[in-house]
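S.K.: quick check, what structure comes out for this input:
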Amino acid sequence: LPFFLVFVQLSSSKVNSGQRTKGSKLRNRRRPWNGSVGNTKNSGDVAERRRSGGGRNMEANRPDAGRTAKIFNSSKLAAGGTIVDISVRDIRFPTSKGLHGSDAMHKDPDYSAAYVVITTDSGPAGHGLTFTLGRGTEVVVEAARAIARLTVGRRVEDVFEDFAGFWREITSEGQLRWIGPEKGASHLATAAVINGLWDLWAKLEGKPVWKLLCDMTPEQLVSVIDFRYLGNAMTREEALGLLRASEPLRAAREVELRAKGLPAYTTSAGWLGYTDEQLRGLCREALAAGWTVFKIKVGADIEEDVRRCAIIREEIGWERRLLMDANQRWEVSEAIAYMERLARFRPWFIEEPTSPDDVLGHAEIAKAVARHGILVATGEACANRVIFKQLMQASAIGVCQIDSCRLGGVNEILSVILMAKKFGIPVCPHAGGVGLCEYVQHLSAFDYICVSGADERRLVEFVDHLHEHFKTPVRMRDGCYQLPTEPGYSIEMLESSLAAYEFPNGAEWQQEGDC
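M.R.: This next block holds a predicted model:
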């Protein structure tokens, strides 16, 4: 027989006799998934590979390698069982039909999500998602399934007792990290899984995520953060100091926040694809509902921007704050020139004036627009905590806009919130999309109670789209988020919505045709 046929026969006989070979491992890695990981004949094999592969090789790099004492020591975590399955679904909404979400760079978005459900053999399921814009969601779904294979088979308590170590392990896996590292589709997928785990943890403890965080000691909070690459901006000890300083104020801040809610601004009126009539009508509706801060999309055409900004100022007056968002459209020189013309409308900030990766470009723009009293805001597309660190160190931003899915979930976001506190920069989270408002209310509540306290510069974005698809949607009153009270991360979607909008076979997409 030819050599390659002899090799195949030998390899086949070894696999069939129960011996594990390198070839069999490779075939398992290449096997396509059917939407979930676990509860299959290979689930034990996945857990075995995790224990004998990446976990072993990276043990020395874990943030708390060698620690044996439990940090949380929770009986509810101990009873949480083992993760036995993680399903991932491609969910898309045809929002492009109404040009909802349209801006200078993304003219026809279909708000979408890679939606994760984490199942254990004991207790509730954890739900998580990461936000996308339609095409490309399938890439993030596959990345989430790859991360899920590193997660199935673990004990829930083990994950949360060394959450920073787990976070580092899945973001540093020797093969997967090559398609990042800590950026792009792989990091979006990381957020879906990590956020699903936070939802699971909060449900096990019977608390909303914000309350779970606010009930942690400073030592417990820093235990979930991976401080790698941040040492020249913030150390673990500095983070502990900030959290300890505000700890005595937590109770009073929580009472205040429950009474007043989180101040917000609305983007719902200002999408670039809306007609003048829509812009005027939605401004009037928002004013009637108590909104006092408005954001408008700019960047596609300076003459149109001037005309539309004049319209929104006519509608909301000059006593209310106006924000502008260029969605990365401009070169640095263009941003400076265009803001010279738009400065007369007195915007509080210009958001994403150029590439989200251009730290020095942002710094140049920030210096130029400062003479008009305008701040630079960015963060919606900042890939990770390191980019935020550099933006802060370079005095390139005056407003920090964390995104609950662009960063690698709650763990990484906590590090950015703490750095922003050290640098004196308000955190105004990006929201909207699918579930982002539901997510960020928890993050801003933590920031207010445990880190920053009252600050009139601190606002949370609100966009009034797709909330009806969630079991516990956000509640707004007089332009403020009302604190969620249900256990979890407020991100669990209705099964009827998941079935209808799953791509490409959901009922809504069968009616729509191809994406």
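
S.K.: any idea how many residues pack against residue 337?
M.R.: Applying other Cβ atoms under 10 Å, we find 13 residues neighbouring residue 337. Quick note: C-beta positions are derived from backbone N, CA and C, even for glycine.

S.K.: I meant to write residue 395 there.
M.R.: Using other Cβ under 10 Å: residue 395 sits among 15 other residues.

S.K.: what segments of the stretch 151-300 of the chain are strands?
M.R.: Using DSSP state E, counting those that start in this stretch, the strands found in the stretch 151-300 of the chain span residues 262-266, 293-297.

S.K.: in JSON lines: those strands, plus distance to residue 464.
M.R.: Shown next, in JSON lines, are these (distance: least, Cβ to Cβ, whole Å):
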{"stretch": "strand 262-266", "distance to residue 464": "7"}
{"stretch": "strand 293-297", "distance to residue 464": "13"}
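
S.K.: in TSV, list the ones you listed along with distance to residue 122, mean pLDDT and mean neighbour count.
M.R.: Below are those laid out as TSV (distance: least, Cβ to Cβ, whole Å; pLDDT from 0 to 100; neighbours: other Cβ atoms under 10 Å):
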stretch	distance to residue 122	mean pLDDT	mean neighbour count
strand 262-266	34	95	23
strand 293-297	44	95	24
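
S.K.: so which of these comes closest to residue 156?
M.R.: Among these, the nearest to residue 156 by Cβ to Cβ is strand 262-266 (29.9 Å).

S.K.: for the protein, which segments count as strands?
M.R.: Applying DSSP state E to the chain gives strands spanning 36-38, 83-92, 112-120, 126-132, 262-266, 293-297, 321-325, 347-351, 375-378, 399-400, 460-462, 476-477, 480-481.

S.K.: winner for burial among those?
M.R.: Of the strands of the chain, the one with the most neighbours on average (mean count of other Cβ atoms under 10 Å) is strand 126-132, at a mean of 29.

S.K.: can you list the strands that that strand pairs with?
M.R.: Strand 126-132 pairs in its sheet with strand 112-120 (antiparallel), by DSSP bridges.

S.K.: mind saving the C-alpha coords of the partner strand as PDB?
M.R.: This file holds the C-alpha atoms of strand 112-120, laid out as PDB (Å, rounded to 0.1, in the frame of the first residue of the first chain):
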ATOM      1  CA  SER A 112     -27.900  41.600  16.000                       C
ATOM      2  CA  ALA A 113     -26.300  39.400  18.700                       C
ATOM      3  CA  ALA A 114     -24.400  36.200  19.300                       C
ATOM      4  CA  TYR A 115     -26.600  34.900  22.100                       C
ATOM      5  CA  VAL A 116     -25.200  32.500  24.700                       C
ATOM      6  CA  VAL A 117     -27.000  30.200  27.200                       C
ATOM      7  CA  ILE A 118     -24.800  28.500  29.900                       C
ATOM      8  CA  THR A 119     -26.400  25.500  31.400                       C
ATOM      9  CA  THR A 120     -25.300  23.700  34.600                       C
END
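
S.K.: pull the distance from it to the chain's centre.
M.R.: Distance of strand 112-120 from the chain centroid (Cα atoms, centre = their mean, to the nearest Å) equals 14 Å.

S.K.: tell me what angle that strand forms with strand 83-92.
M.R.: Angle, strand 112-120 to strand 83-92, by axes from the mean of the first three to the mean of the last three Cα atoms, to 10 degrees: 160 degrees.

S.K.: what about stretch 225-243, average pLDDT?
M.R.: On average, the pLDDT along stretch 225-243 is 98.

S.K.: with stretch 91-99 instead?
M.R.: On average, stretch 91-99 scores 87.

S.K.: give the buried residues for that stretch.
M.R.: Buried residues in stretch 91-99, counted by 16 or more other Cβ atoms under 10 Å: 91-96, 99.

S.K.: for these, which one is nearest residue 237?
M.R.: Among the buried residues of stretch 91-99, and counting by Cβ to Cβ, the member closest to residue 237 is residue 91, at 41.9 Å.

S.K.: the closest one touches residue 500, doesn't it?
M.R.: No: with contacts counted by Cβ atoms under 8 Å, residue 91 stays clear of residue 500, the gap being 9.4 Å.

S.K.: related to what we said a few turns ago, closest to residue 445 out of the strands of the stretch 151-300 of the chain?
M.R.: strand 262-266 (6.5 Å).

S.K.: got the angle between that closest one and strand 293-297?
M.R.: 40 degrees.

S.K.: and strand 262-266, what does it pack onto?
M.R.: On a contact count with 3 or more Cβ pairs under 8 Å, 6 or more residues apart in numbering; DSSP states H and E, strand 262-266 meets strand 293-297, helix 436-446, strand 460-462, strand 480-481.

S.K.: apply 10 Å and report the result again.
M.R.: Helices and strands touching strand 262-266, by 3 or more Cβ pairs under 10 Å, 6 or more residues apart in numbering; DSSP states H and E, are helix 276-288, strand 293-297, strand 321-325, helix 436-446, strand 460-462, strand 476-477, strand 480-481.

S.K.: and the angle for the fourth one with strand 126-132?
M.R.: Orientation note: helix 436-446 sits at an angle of 110 degrees relative to strand 126-132 (the same axes, to 10 degrees).

S.K.: next one: helix 436-446 to chain centre, how far?
M.R.: Counting by Cα atoms, centre = their mean, helix 436-446 comes out at 10 Å from the chain centroid.

S.K.: again, but for the longest one
M.R.: Relative to the chain's own centre, helix 276-288 is displaced by 29 Å; criterion: Cα atoms, centre = their mean.

S.K.: over to stretch 76-91?
M.R.: Taking Cα atoms, centre = their mean, the mean C-alpha location of stretch 76-91 is offset from the chain mean by 19 Å.

S.K.: any low-confidence regions in the stretch 51-200 of the chain?
M.R.: 51-62, 64-68, 104 (pLDDT under 70).

S.K.: buried set for stretch 411-425?
M.R.: Neighbour counts over stretch 411-425 (16+ other Cβ under 10 Å) mark 411-421, 423, 425 as buried.

S.K.: could you dump the residues you listed to JSON lines with pLDDT and distance to residue 166?
M.R.: Formatted as JSON lines, those follow (pLDDT from 0 to 100; distance: Cβ to Cβ, whole Å):
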{"residue": "411", "pLDDT": "98", "distance to residue 166": "9"}
{"residue": "412", "pLDDT": "98", "distance to residue 166": "13"}
{"residue": "413", "pLDDT": "98", "distance to residue 166": "16"}
{"residue": "414", "pLDDT": "98", "distance to residue 166": "15"}
{"residue": "415", "pLDDT": "98", "distance to residue 166": "15"}
{"residue": "416", "pLDDT": "98", "distance to residue 166": "19"}
{"residue": "417", "pLDDT": "98", "distance to residue 166": "20"}
{"residue": "418", "pLDDT": "98", "distance to residue 166": "20"}
{"residue": "419", "pLDDT": "98", "distance to residue 166": "22"}
{"residue": "420", "pLDDT": "98", "distance to residue 166": "25"}
{"residue": "421", "pLDDT": "97", "distance to residue 166": "25"}
{"residue": "423", "pLDDT": "98", "distance to residue 166": "28"}
{"residue": "425", "pLDDT": "97", "distance to residue 166": "29"}
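
S.K.: which of those residues sits closest to residue 321?
M.R.: residue 425 (17.5 Å).

S.K.: pretty sure the closest one is touching residue 366, no?
M.R.: No: if you go by Cβ atoms under 10 Å, residue 425 and residue 366 don't touch, sitting 11.3 Å apart.
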